[in-house]
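>>> Sequence and computational prediction follow.
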Amino acid sequence: MWVSVAGIGTPAARSGGGAAFEPLVSVVIPVYNRAHLAARAISSVLAQSYRRGAAAARNTGVAAAEGEFVVAFLDSDDTWYPENLAV
């Protein structure tokens, strides 16, 4: 038996008005001889918070980037040498 959990996502506008649910994550929970644990597992999935993280921040930055050379990434725990952007 397997359990598919829906319900983790964000509201999305419908063309006919109102809000639809746009899934962000699909979770599959395989269950074999542990049906008594399925409810707890599903509850833990539905209680999850959602953070977009570094990849989303980079994508936003790339979309807003300007200049002849569009993108150079620098993580917060890194330091560039003075010649890093030398062409």
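Done, it's in.
>>> could you measure the most centrally placed residue in the chain against residue 40, distance?
Compute the mean C-alpha point of the chain, and by C-alpha atoms, centre = their mean the closest residue is residue 52, 4.7 Å away. Applying C-beta to C-beta, to the nearest Å, the value for residue 52 to residue 40 is 27 Å. For the C-beta atoms, the positions are set from N, CA and C on the backbone; glycine is no exception.
>>> Please apply the same query to residue 60.
Taken as C-beta to C-beta, the spacing of residue 60 relative to residue 40 amounts to 36 Å.
>>> Helix or strand: which one has residue 29?
Using DSSP states H and E, residue 29 maps to strand 27-30.
>>> what distance separates the following helix or strand past that strand from the centre of its chain?
The element immediately downstream of strand 27-30 (helix or strand, assigned by DSSP H and E) is helix 35-46. If you compare the mean C-alpha spot of helix 35-46 with that of the full chain, they lie 22 Å apart, counting by C-alpha atoms, centre = their mean, to the nearest Å.
>>> Also stretch 25-40?
Using C-alpha atoms, centre = their mean, the mean C-alpha position of stretch 25-40 is found 22 Å from that of the whole chain.
>>> Got the confidence number for residue 3?
If you check residue 3, the pLDDT there is 47.
>>> what's the answer for residue 10, then?
Each residue has a pLDDT score; the one for residue 10 is 54.
>>> so is the residue lying closest to residue 75 once chain neighbours are set aside in a helix, a strand, or just coil?
Beyond its immediate neighbours in the sequence, the residue positioned closest to residue 75 (C-beta to C-beta, 6 or more residues apart in numbering) is residue 54, lying 7.8 Å away. Going by DSSP: H, G, I helix; E, B strand; the rest coil, the secondary structure assigned to residue 54 is helix.
>>> now residue 54: how far from residue 62?
In this structure, residue 54 and residue 62 are 12 Å apart, going by C-beta to C-beta.
>>> returning to what we had before: what's the burial count for the residue nearest to residue 75?
Summarising burial for residue 54: neighbours were counted as other C-beta atoms under 10 Å, giving 11.
>>> Same check on residue 38?
Neighbours of residue 38 using other C-beta under 10 Å come to 15.
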